[in-house]
Structure formats: structure tokens, C-alpha cells
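**Student:** Sequence below, structure please.
(chains A, B and C)
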Amino acid sequence: MADLGRAALVTAFLLLAYASVAGTAAAWHRRRRLAESAQNALLAAFGATAVATVVLLVALGRHDFSFSYVADHTSRELPLGYTLTAFWGGQEGSLLLWLFVLCAYSVLAVLTARRAGRETLAWVVPTLGFVGTFFAFMLTFVASPFASQVAPADGAGLNPSLQNPYMAIHPPMLYLGYVGLTVPFAFAMGALLARRTDERWIVATRRWTLAAWAFLGVGQLLGAHWAYVEIGWGGYYAWDPVENAALMPWLAATAFLHSVMIQEKRGMLKVWNVLLVVLAFCLSLFGTFLTRSGIIQSIHSFTQSSIGPWFLGFICLVTAASLTLVFLRLPLLRAQTRLESLVSREATFLYNNLLLVALALTILWGVVYPLLSEAVTGEASTVSKPYYNFFLHTFGLPLLLLMGIGPLVAWRRASLRALGRTFLWPLGAAVAGGIALLLAGAGSSRVGVIAYTFSIFVLASIALEFARGTSARRALGGVGWAGAFSSLIARNRRRYGGYVVHAAVVLLAIGIAGSSAYQTVREQRLHPGDEMTVAGNRLVFRGFQTTNESNHRAIRANVDVYHGGEYLGRYRPGKNQYFAEDQVSNEVSIRHDLLTGGDLFLIADQVNGDGSVDLKALQKPLVNLIWLAGLVFIGGSLITLWPDAREERRLAERYEGATVRA
Amino acid sequence: MPGKRSPARLIVALSVAAVLAVFLIYTSLAGGTPSLQPSQLRGHDGRVSLVGIVAGRPAGDAHAGGLRFQLRDRHAMTSVPVVYKGTVPDLFKTGREVVVDGKLRNGVFVAVPDTLVTKCPSKYTPKK
Amino acid sequence: MSVALLAGALLAIAAVVLVAVPFLREPVAADDHLIQPDAAEQRRLALAEERDRALAALKELEFDHRTGKVSDDDYRELVGVLRRRAAETLRAVG
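**Tutor:** Numbers count the residues shown, from 1 in each chain, chains lettered A, B, ... in the order given. Below is the predicted model of the structure:
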């Protein structure tokens, strides 16, 4: 069976290589049949990759330990769900997942890309093929998931902290995002190679970019949630290189999503957009490289792997090639209009872009700093939380504010008097809110108050946008309030879906500010009967309880929680000792307060031989807003992605009108 | 129209300059924390990030008097005694590679509380 | 595993066939040229995009005015310019 897997990968590699070479030749010499053949090769590669994927899945499902990969990442007692999701549990499998998603996306892109134009498509095929060839090469020659061995009696098993539903779904979500950024990149390169000067490639890839960006965002939130409940140190983001690896392309993609709107509406920023999509794609490759090569020492790093140098080489090649292409096509990318006013929606989008890219680059710098400092001074130097927090505040807070300003400003040139009027209510709400917060004692954290005040401003401005839009729609006559509201959103999906996404980001900001700037942490050694207080909650330790499960022993500290005089319940933080893996995992206990959105987070930091526990308790206000934000984010993205019949018709007329005419 | 000096270009240039300025100020003032192995500790008085492998048997209580253990180089036997207070990661044990911040004082590395972090062994691969 | 061998062989054959299909279907192609929009077509496309942009800008201006982001004076100033631009582009596209 492993032979079939290997054969399928070799087939995929040859097909993708053919798609790249033949596709390039076909586009260059304008040969229709060769171009179709290259396209078919791409489709066939999906089939081959699918076969390889099925082979690995079947091997996992059957506990076939003659596959080294299966033996290394699963064991007999592992539940079926986690056995199958161990597919992406290791390096080789996750590379196969990358390739599978890439091929699937390639097929989808090619089959639905009528609007992009056949000459652009002729270049998109070899571009996608080239990226696929690299991954297929790695899988066939460098890191094969189908290495065989003499089957041991049982496998090594999966790290217990990875046996968690969030961790199971987190990688495919992220990959749908990472790999998804390849499509806009390929179309951008395709358009440049085909010497197109129009916006077709943007229109064709708008939904791709949006979907990839949404998946990347959701994937990160899933990862953060896993870190929060499973690793359980009380936080959700540690600025670990592996976490940053996903954040950087997401920031670049956010910038790109905004700047393409400017190009669509005003024909500006063409060079910037192309550079941004190259940056986003290269960051996504870099992100995959970071997590897979162990080159940056991080708490998630693994042994130096063989794929590191290859990846680095590929990233350098892609960066150099795309930048060269952009440089060569610079004359084609001249803007048709200029920025008319520094106070216009275009300008705010530009500021937003600059801030996002600045944040992404400072994070990148922080990530590679140890490598660079070691190369230059011989001594590795690391940066940590203070560095990242500084730049998050410096760039993130203005970004937050801009989210509120942008919608209130008109395109082209905003009238200052009109601006004053539209700003009045949100500004008033923010000032009032800020004063109220200061009176309530939020002044303990300057950054927290600023974040909260800005958030109020943004939420108010979004609410106002919905209100004004609905009333304007209603004033046109014929519909009541509800009808006007739904018609408003239906006719302006992108704008109002975008506002919903902004609201999600604001919720995220509030959740992060509350749970980091205003959290309370207490730690105490408690003997049975002792108690400690954290943020008005009284925690009484009653003693330990140990139970034996099938594959681990569970030690739990029974803690009764009281607030005021009221008994809130018994919470049981503790540890699990896994027999087979000889590992201890932290099992936290969290009390969600649905009314205030905060959490009481209990960690049994140390279980002591004398029956006492070192208990760490954190009170994290508003932290559940972060997860709520994820749901709102999904909703907003769906609204924005939803097909609009009227717009489809208009675009069809614009791009296919030629064929109809001719 | 195209090619004329537009405000957009000016904004971009000014912003880049501003970012660089902020950036250089920060890094020159705060800088990074050197990441050293035990054999490289000599001569460093300030706060550093010590990377090494736990050798011997750890003793003591991280939540009471302090956890004491030896940290040695990855590929040599030079080791330094470490005193640590705070949260100890679950994966901490002899033979594991760890990182901890602190200062060298009188031959003993006094750690900053709650900065002990383990590097996961090769088997552990968080999915991505 | 002979099943695996058979499956592998089938996969390889299918791959080769798929890749060869365009040539098998038309051994001698009447027109093997890949459609490339000529200069006239590129211009038409650019004009169509201009037209859509102008119309969208007009619609946005109306909306912004109705929701109070653009004052009456500014509206009066801009609407004439935009309407003329839109009319121009409509004429150019034909």
C-alpha cells in the first residue's frame, strides 16, 4: 500500500512539473492545445494527490504500523477521530495536506475562472503548477509520508495535549487559509505575465482572498482557544514564532483586502497591491517554513529537519522571481488617478495599510532577530512580550481608531463640515464612555482605557452607519424599517458585511484588553481547608481526588468557589499522568461567567506530596468576547462572500460582453 | 496625471521614516535579550535567556524555597546551577531542553520567576 | 499487494490520457492559437472598467450625501463632475 502512495506522489510530481513547464511554453508561444493539456495535468495531479491522501488515511484507520508515519503519530488505543486527524500531526502528513489543498484549490480556481480571461489563466496554471511541484518534490524525495518499516507492536501515540477537538481542526483551517493565498498570488502573477492592465484578476480572486483570510483568522482563534483551555497557562497568545507565523500573512492579507478596494474604485495603488499579494503569499510560505524547519528556537520547535534548507531556497526563489516580474512590468502598472485628499476614505485605507504592514514587518523582525543577531554578533539575542506588545499598541490602537473613522469618511474628498456632523455622536459616546470607565477605575491601565474608548467610538460609528443607511433606504420609499435594513445589507453586501467584520475585530480588541490589562492573578499554597481570594471570589481547597482512567491517572484538586455569600460551584483543576507517553498534562478548570463575559481560571500549578496544592487563580474580564468575536467574524465574512446576482450580471457584461459582441 | 508627485507617495515615505524611527529608538533602548548556553555565561552581568539541558536531579520546591537544578550545554558538559521560583512546565524533567531568564550571581543563575519554558522534544509536533 | 499495483497503474494511465486528451481530440488543429485580446479589446475592457467606476462613484456620492457624509455644497460641486465623467465613459464604451 505504501508503494501505491509513493507511486501516486511521483505521479503528482511529474504531472505538476509538466503543468509548470508545458504551461509556461503554452502561454509563451500561445498554443491552445498545450495550454489545455497543462490545465488537465493540474486536474490529474489533484486525482493523484487524492489517491495518496486516501492511502495515508486508510493506513491510519487500519493502524498499519508498517508505515513509519502511522507508527510515529498514533497508537492502538487512540480514538478513531484523533487517529485520522493525526494525518496532519507530523511534518510529512502536513506537507501532504498542503499539497492536497493546493491541488483542490487549483482545480476549483481553473474551473471557475472564466472571468479571469484565458490568457491570464494560461499563466496561472504554470504558476500554481510551480508551487505544487515544489511541495510534490519535497514529498517524493525529501520527506515522504510513505516510509516503511518493520511494523512494531504499537505506535508511539499522539501527545495528549493534542488530543483535543480544537487542535484537531486547527491545522486544516489554517491550511485552507495559507494555501488559499496561493490563488490570488497566482492570478496576480498570471495577469502580470500576460501583460494585463485591467482589474480582472482582482475581481476573479476577490472571494478567494476573502475566504482564505477568513479561514486563516478562524484557524488562529481556534489555536488560541486550544492554548487557553489545553495548555492552560492562563493566556491565549504567547508571541511564539509559530503563532506569529500565522499572524503575519493574515495581517498582510487584511491590508490587501482593503487596498484592492481602492484599486477597484479609483484605479490607484496597482504596484502596492501586487507587492502586497506577493508579501502575503511569501509570508504564508515562510509561516509553513517556520513551523516545519525548527530554524527558530521556540517552545514548539522540533529537531532540525531536512526540509528547512529546501524551503528557504524556495521562498527566496519565489520572492526574487515575483519582484523581478513586478519590476519588469512597472510601466504597465501606472495609476490612473491620484489621491485627491488626505482626508478621504482612500487615505484612511492607505493609513490602515501602512499600519498593518508595519505591524507585520515588526513581528517578522522580532521572529528573525535571533537568527540575524547570531549571524552578525555571534550571539543570539531574543525579543519577547515587551517588544511585541509595544508595537501591538503603537500600531494596533491607531488601527482600531481607523476602523471607526474610515466608514464615516466619504470617498475622494470628505467635507470637513460634514465630517464634524457625522463624527459628533460616536465621538460623544466615546468621550462619555471614557469618562465613565475612568470613574469606574479602569484608569489602572492606560492602554486598556484607550482601547476601550476607541472601541466605543468604532461600535458607535458602525451602529450609526447601519442606522443612517437604513433610514436613507427607507426614505426612498416603499419599505418599512425591517425591509429597509435587509434591503440595505442585501444591496451593499461588501460594505455592510465589512462593518460586521469590523464589529468582530472590535469585540476581539475589547476581549483582549479586558483579559490582559484588567486581569487579576493570585497564587497561593493551600492545604485542605485553606482558602484564597481573587477579585472578590473566595476559593476554598477541599483536598485531592485521584481516579484511574484507561490511559491516564487523573489528579484533581477540589476547589469550592464562593462569591459574596453565594456558592458558585466546585471546580477541579489538576493534572493527568499518561502511562504510555510518560507525560503529565495540565488540566485547568474554568468558570465562565455568562453575564459579565469573564472567566475564573484555576490552575493546579503544583501537586505536593503533603496533600497541599499551589493554586494559581486568574480572573480574566471579558475574555469570552474573544470567542464571540470569532462567531461574529464568521457571520460578517459570510455576508461579504455571499454572491450578489446583480453584481454578477454586471461583471459578466463587462468581461464577457466582448465575446457576445464579437 | 500619472507620474506626478501624488500625496500618496509622500505619505508612504514619511510613514516608513516614522516607523523606522520608532523602531530604531525602541531596539536601541530596550534591545534584545541575549540567548546563551551555560558555557557562554561568563562575562554577562545583565538579564539573559539561558538555554540548556537539565542535568542531574532537580531538588527543592519552585513554590516554596526554590527549585534547584543544573543546566548544561547542549553538546558539552559545562553546567551551571539554577535557582528558580514560579510555575514549572509539565514537560520539565532531566534531559529536557529548557529556556529560563535570569542573572548570574556568584556562580549561581538566579532565575526571573515564571520564565521557565521547556522546548518540546522532537516527537511533539503541534499541528500546522 | 497486487490491488495496489493495479490501482497505481490505472492512475498512471489515467494521468497520461488526461494530459494527452487535447492532442488526441484534435490531432491537427485548425486554429491552435491561444486567444489573446488585441489592442482594441484591451481598450474596450479598460473603458468598460472606467465606466463602471464612474457609475459606482456617482452611486456612492448619492448614498454618502443621503447618509450625511457629504454636505450639500460639496455634493453640488461633485455631482456635476461625476455625471459628466459617467456620461463620457458611457459614450466611449458605446
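
**Student:** can you pull out the helices in chain B?
**Tutor:** All helices of chain B, identified by DSSP state H, fall at B:7-29.

**Student:** give me every residue that touches the closest residue to residue A:500 other than its chain neighbours.
**Tutor:** With C-beta to C-beta, 6 or more residues apart in numbering or on different chains as the criterion, residue A:500 has its nearest non-adjacent residue at 3.2 Å, and that residue is residue A:636. Yep, even glycine has a C-beta here, placed from its N, CA and C like the rest. With contacts defined as C-beta atoms under 8 Å, 6 or more residues apart in numbering or on different chains, the neighbours of residue A:636 are A:497, A:498, A:499, A:500, A:501, A:502, A:503, A:504.

**Student:** Quick check: which helices or strands does whichever strand or helix holds the first one pack against?
**Tutor:** Pointing back at residue A:497 there. When elements are assigned from DSSP states H and E, residue A:497 belongs to helix A:493-517. For helix A:493-517, the contact count by 3 or more C-beta pairs under 8 Å, 6 or more residues apart in numbering or on different chains; DSSP states H and E identifies helix A:385-405, helix A:446-475, helix A:481-491, helix A:624-641 as packing neighbours.

**Student:** please redo it, this time with the cut-off set to 7 Å
**Tutor:** Here helix A:493-517 touches helix A:385-405, helix A:446-475, helix A:624-641, going by 3 or more C-beta pairs under 7 Å, 6 or more residues apart in numbering or on different chains; DSSP states H and E.

**Student:** Which pLDDT value belongs to the closest residue to residue A:404 other than its chain neighbours?
**Tutor:** For residue A:404, the nearest residue in space outside its immediate sequence neighbours is residue A:458; the separation is 3.5 Å by C-beta to C-beta, 6+ apart. At residue A:458, the model reports a pLDDT of 96.

**Student:** correct me, but residue A:458 touches residue A:506?
**Tutor:** Yes. Contact between residue A:458 and residue A:506 holds when scored by C-beta atoms under 7 Å: they sit 4.9 Å apart.

**Student:** now residue A:319: how far from chain C?
**Tutor:** Here the criterion is C-beta to the nearest C-beta, to the nearest Å. By it, residue A:319 lies 29 Å from chain C.

**Student:** near chain B at all, the host helix or strand of that residue?
**Tutor:** When elements are assigned from DSSP H and E, residue A:319 belongs to helix A:307-328. No. With C-beta under 7 Å from any C-beta of the partner chain as the threshold, helix A:307-328 lies outside contact range of chain B, at a closest distance of 12.8 Å.

**Student:** got a list of what the residue nearest the centre of chain B touches?
**Tutor:** For chain B, the residue lying nearest the average C-alpha position, counting by C-alpha atoms, centre = their mean, turns out to be residue B:49 (3.7 Å). For residue B:49, the set of contacting residues under the criterion of C-beta atoms under 7 Å, 6 or more residues apart in numbering or on different chains consists of A:382, B:33, B:34, B:35, B:99, B:101.

**Student:** Quick check: of those residues, which lies closest to chain C?
**Tutor:** The shortest gap between chain C and any of the contacts of residue B:49 belongs to residue B:99, at 46.1 Å (C-beta to the nearest C-beta).

**Student:** pretty sure that closest one contacts residue B:117?
**Tutor:** Yes. A contact is recorded between residue B:99 and residue B:117 when judged using C-beta under 7 Å, the distance being 4.9 Å.

**Student:** Have a look at these two and say which one is more surrounded.
**Tutor:** When neighbours are counted by other C-beta atoms under 10 Å in any protein chain shown, residue B:117 comes out ahead of the other of residue B:99 and residue B:117, with 22 against 19.

**Student:** Could you check how far the more buried one is from chain A?
**Tutor:** Between residue B:117 and chain A the distance, using C-beta to the nearest C-beta, works out to 5 Å.

**Student:** Against residue A:457, how distant is that residue?
**Tutor:** Computed with C-beta to C-beta, to the nearest Å, the distance linking residue B:117 and residue A:457 is 38 Å.

**Student:** Show which residues not belonging to stretch C:52-69 make contact with it.
**Tutor:** For stretch C:52-69, the surrounding residues in contact (C-beta under 7 Å, 6+ apart) are A:265, A:267, A:408, A:410-411, A:414, A:418, A:421-422, A:468-469, A:472, A:650, A:654, C:70, C:75, C:78-79, C:82-83, C:85-86, C:89.

**Student:** quick one on the thing from earlier: mind checking how far the helix or strand just after the helix holding residue A:497 is from the chain centre?
**Tutor:** Downstream of helix A:493-517, the first helix or strand assigned by DSSP H and E is strand A:520-526. On the basis of C-alpha atoms, centre = their mean, to the nearest Å, the separation between the geometric centre of strand A:520-526 and that of its chain is 34 Å.

**Student:** near chain B at all, the next helix or strand after strand A:520-526?
**Tutor:** Per DSSP H and E, the first helix or strand lying C-terminal to strand A:520-526 is strand A:531-534. No. Strand A:531-534 stays out of contact with chain B when judged by C-beta under 7 Å from any C-beta, the minimum separation being 13.3 Å.

**Student:** If you count neighbours, what's buried in the very next helix or strand once past strand A:531-534?
**Tutor:** Towards the C-terminus, the helix or strand next in line after strand A:531-534, according to DSSP H and E, is strand A:537-548. When burial is assessed from 16 or more other C-beta atoms under 10 Å in any protein chain shown, strand A:537-548 yields the following buried residues: A:537, A:538, A:539, A:540, A:541, A:544.

**Student:** and which of those residues is nearest chain B?
**Tutor:** Nearest to chain B among the buried residues of strand A:537-548, with distances taken as C-beta to the nearest C-beta, is residue A:541, at 14.0 Å.

**Student:** Grab the nearest non-local neighbour of that closest one.
**Tutor:** Taking C-beta to C-beta, 6+ apart as the measure, residue A:541 lies nearest to residue A:526, with 3.9 Å between them; neighbours along the chain are not counted.

**Student:** List the contacts of the one you found.
**Tutor:** Taking C-beta under 7 Å, 6+ apart as the criterion, residue A:526 is in contact with A:532, A:541, A:612, A:613, A:615.

**Student:** residues in contact with the helix holding residue A:319?
**Tutor:** Applying C-beta under 7 Å, 6+ apart, the set of residues contacting helix A:307-328 from outside is A:91, A:134, A:138, A:142-143, A:189, A:192-193, A:271, A:274-275, A:278, A:282, A:285-286, A:289, A:292-295.

**Student:** Put the alpha carbons of stretch A:512-520 into PDB.
**Tutor:** Only the C-alpha atoms of stretch A:512-520 are listed here, as PDB (Å, rounded to 0.1, in the frame of the first residue of the first chain):
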ATOM      1  CA  ILE A 512      -8.100  41.200  24.600                       C
ATOM      2  CA  ALA A 513      -7.900  44.500  26.500                       C
ATOM      3  CA  GLY A 514     -10.100  43.300  29.300                       C
ATOM      4  CA  SER A 515      -8.400  39.900  29.800                       C
ATOM      5  CA  SER A 516      -4.900  41.300  29.700                       C
ATOM      6  CA  ALA A 517      -5.000  44.800  31.000                       C
ATOM      7  CA  TYR A 518      -7.500  44.200  33.800                       C
ATOM      8  CA  GLN A 519      -6.900  40.600  34.900                       C
ATOM      9  CA  THR A 520      -6.200  39.700  38.500                       C
END
